[in-house]
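Asker: mind looking at a prediction? Sequence and model below.
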Amino acid sequence: MDSIEEKYNIEYVYGKRYYVEDLTKRSFNFEYSTPFMFVLNEKTYFESSWKQMILKITSILINETNISKDEYLALKNDWGNQAVFSVTPHKNYEIVPNGLYMNLNHTAVHDVWTLQLILNFFKVDLSRCKLLIKRNG
């Protein structure tokens, strides 16, 4: 019989309970959640807001690659067909490297989907990433 930790993908960090999310699958279960930790290329990043986590990971990946602005501007999310990046600032967009602005006006569910989209765009193996979240509800 599986333990509750195995059943719900729970890990304890500093004595607090967090849930490990499988980024290879699209989930809808992020209401009332916040990120805690993300592992990318064996480096660990801590953020407690989706917006800051996405900005940090996106900025790191932009700085590590050489992709044209046109490729960034062509990227659209698949749940609403909105552009992910812009060359001009808009409400709820934040600046990222290369003079681009990133659309971050999303729910927690769409924030995770945006993170998955970004990782796929940069050809990151999602099975090698680790996302720990806190459930607040």
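Answerer: Nice, thanks for sending it over. Residues are numbered from 1 along each chain as shown.
Asker: any idea how far residue 53 is from residue 59?
Answerer: 11 Å (CB to CB, to the nearest Å). Any C-beta I mention is one placed from the backbone N, CA and C, and that applies to glycine too.
Asker: out of those two, which sits in the busier spot?
Answerer: Between residue 59 and residue 53, counted using other CB atoms under 10 Å, residue 53 has the larger neighbour count: 23 against 16.
Asker: contacting residues for residue 44?
Answerer: 37-38 (CB atoms under 8 Å, 6 or more residues apart in numbering).
Asker: what's opposite it in the beta bridge?
Answerer: The partner list for residue 44 in beta bridges (DSSP bridges) reads residue 39.
Asker: residue nearest the middle of this structure, spatially speaking?
Answerer: The residue lying closest to the centre of the chain (CA atoms, centre = their mean) is residue 115, at 2.8 Å.
Asker: retrieve the pLDDT associated with the residue lying closest to that residue once chain neighbours are set aside.
Answerer: In space, and not counting its chain neighbours, residue 115 is closest to residue 54: 5.6 Å by CB to CB, 6 or more residues apart in numbering. With respect to pLDDT, residue 54 scores 97.
Asker: can you tell me the helix or strand for residue 54?
Answerer: Assigned by DSSP states H and E, residue 54 belongs to helix 50-64.
Asker: list the buried ones in that helix?
Answerer: Within helix 50-64, the residues that qualify as buried are 50-51, 53-62, counting by 16 or more other CB atoms under 10 Å.
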